[in-house]
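Enquirer: What shape does this take:
(one chain, ligands or ions: 2)
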Amino acid sequence: MAAPSVTLGIDLGTTSVKAAVVEDAPGDPSGFVVLASCVRAARAEVAAQSAAAGPQAQEQDVNRIIQALNECLAALPQQQLRKVCAIGVSGQMHGILFWKTGQGCEWTEGGAAPVFKPRAVSHLVTWQDGRCSSGFLASLPQPESHLNVATGFGCATIFWLLKNSPEFLKSYDAAGTIHDYVVAMLCGLPRPLMSDQNAASWGYFNTRSQTWNLEILRASGFPTHLLPDIAEPASEAGRTSHAWFEIPKGTQVGVALGDLQASVYSCMTKRTDAVLNISTSVQLAASMPSGFQPAQTPDPAAPVAYFPYFDRTYLAVAASLNGGNVLATFVHMLVQWMADLEVPILRKKEYFEGLEVEESTVYSRMIQAAVRQRDTCLTITPTVLGERHLPDQLASVTRISSSDLSLGHVTRALCRGIVQNLHSMLPFQQLKEWGVERVVSSGSALSRNEVLKQEVQRAFPFLVSFGQDVDAAVGAALVLLQRNLNQKKS
Ligand SMILES: Nc1ncnc2c1ncn2[C@@H]1O[C@H](COP(=O)(O)OP(=O)(O)OP(=O)(O)O)[C@@H](O)[C@H]1O
Ligand SMILES: O=C(CO)[C@@H](O)[C@H](O)[C@H](O)[C@H](O)CO
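Expert: Residues are numbered from 1 along each chain as shown. Ligands and ions are numbered 1, 2, ... in the order given. Down below sits the predicted model:
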């Protein structure tokens, strides 16, 4: 049998959903070609289901995420989808949604294309959720894991719901990340499967033994039946239970990856590469030598964490919570100010409190202004979400002089601040000590922002090569493609 070579990759990000159709190309230097790709904004933010979650809550409507996914699939060339033999999925890590087994979705096959729609599902409580205060986290049992537990991690969210909304939890009997949910729905899985990459991102998971901390969790009354079964990342989760767009029923679907690992996989070609991804958040990752094992107890103050990669290897990662989302917050603030001041400009597509504003126009004007403003003394520490190792250190602006207040100055200072904040977490010189020779970058917040690119070039003591904006989707496809090719060879 021919190895499946046309593979669909999907990345369910915080801001956008991306899809890419990738084919094996032995003649190409990279070994593959991207036949087609598509990105759609999810615009999924919603008010929290529980009022007790407070203003720090961050939830997304799963219907809107799946709608963006459907729009992506509909926009891809249907004749290429017909050739898809395998589907790899990745997405925003740490977050959690709940559903009722057997009722998580409904398939409609009568319309233009067969699709599934979410049914008995909760909102997705995302990795940006801030409902678990430092005090609440300190009250939780100590995990038996090298990774600490932070707000926005699936298990912390379950603990919070157990305390504040126990009735809500009783309405559901399955849980997963958004990408685990999509895999479970595509295959009609009775119980969701989760890779160690995503399990580690929920907390209370031991990567060495590949098991959840069941005893510790049970002793605290945690509903352990909500924890998914563990399986190798990109191993076969199942086969599509229905035709999906033009993708045939019975197509192989891989166990979902974390978006961090998928982005890294798409562009780390050598062990001496480090990967810088700037999308909604930022990650700077370098691979640890095989055999490396992180210390078995978490260090809550450490800005660098070790995330499981493939084949029991680890990535050393500075995962900053403050990346493109900081620029997005600034854009929302400007738009809100324009609405408050009733400035009748930029009337086009998006509604904001009655005023229609095209956000992409705001992005392009502020980026152009900062391209012209090549330097600034204005200093912005952009940590509006805090950091996992410093949750209470919020953003600040210093060295404000009356000559440095233009849009160009502020945008340049914001972009510089994002890069400097990352540098404070993992000094770039450290990469050299780890043997890194080159930095490859990914993420659309970077690929679409010339000023951010300039600041990256300025700060890194390396050549930085810039990638495309659908990297995690390409990575999700590639892992599966290469796994299938290797299985064919062996
Ligand atoms: N028109 C634009 N021009 C430049 N940058 C933009 C524009 N629109 C959004 N952005 C930036 O892109 C970021 C989102 O990037 P991206 O679409 O890669 O996110 P994502 O893949 O959903 O994120 P993640 O993978 O972290 O979940 C926004 O936070 C914002 O900073
Ligand atoms: O940015 C994300 C989602 O859009 C996250 O999944 C990050 O990848 C994650 O927070 C981080 O990289 C690891 O903690």
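Enquirer: In CSV, list the C-alpha atoms belonging to stretch 108-118.
Expert: Provided in CSV are the C-alpha atoms of stretch 108-118 (Å, rounded to 0.1, in the frame of the first residue of the first chain):
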residue,chain,number,x,y,z
THR,A,108,-24.8,17.3,9.2
GLU,A,109,-24.3,15.6,5.8
GLY,A,110,-27.2,17.0,3.8
GLY,A,111,-25.8,20.5,3.2
ALA,A,112,-23.1,21.7,0.9
ALA,A,113,-20.4,19.7,2.7
PRO,A,114,-20.5,17.3,5.6
VAL,A,115,-19.5,19.1,8.8
PHE,A,116,-19.8,18.6,12.6
LYS,A,117,-21.3,21.2,14.9
PRO,A,118,-20.6,21.3,18.7
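Enquirer: average pLDDT for it?
Expert: Averaging pLDDT along stretch 108-118 gives 88.
Enquirer: which residues are contacting it?
Expert: The contact list for stretch 108-118 (Cβ atoms under 8 Å, 6 or more residues apart in numbering) reads 62-63, 66, 70, 73-74, 99, 104-107, 185-186, 242-246. (C-beta placed from N, C-alpha, C; glycine too.)
Enquirer: For the most centrally placed residue in the chain, which residues are in contact?
Expert: The residue lying closest to the centre of the chain (Cα atoms, centre = their mean) is Gln92, at 2.9 Å. Residues near Gln92 by Cβ under 8 Å, 6+ apart: 12-14, 126-127, 177-179, 259, 280.
Enquirer: For the stretch 251-400 of the chain, which residues are neighbours of ligand 2?
Expert: Counting by Cβ under 6 Å from any ligand atom, the stretch 251-400 of the chain comes close to ligand 2 at 259-260, 279-281, 283, 319.
Enquirer: Near ligand 1, list only the ones from those residues.
Expert: Contacts with ligand 1 within these, counted by Cβ under 6 Å from any ligand atom: 259, 279-281.
Enquirer: between those residues, which is closest to Gln293?
Expert: Sorting these by distance to Gln293 puts Asp259 at the head of the list, at 24.3 Å, by Cβ to Cβ.
Enquirer: circling back to that earlier point, out of the ones next to ligand 1 among the residues of the stretch 251-400 of the chain next to ligand 2, list just those in helices.
Expert: Using DSSP state H, the subset of those located in helices is Asp259.
Enquirer: so where's the stretch 201-350 of the chain uncertain?
Expert: Scanning the stretch 201-350 of the chain with the threshold set as pLDDT under 70 gives 344-350.
Enquirer: all helices for it, in order.
Expert: Using DSSP state H, counting those that start in this stretch, the helices of the stretch 201-350 of the chain run over residues 214-219, 259-267, 324-340.
Enquirer: Quick check: buried residues in the last one?
Expert: Of the residues in helix 324-340, those with enough neighbours to count as buried (16 or more other Cβ atoms under 10 Å) are 324-331, 334-335, 338-339.
Enquirer: of these, list those near ligand 1.
Expert: The subset of the buried residues of helix 324-340 lying close to ligand 1, counting by Cβ under 6 Å from any ligand atom, consists of 324-325, 327-328.
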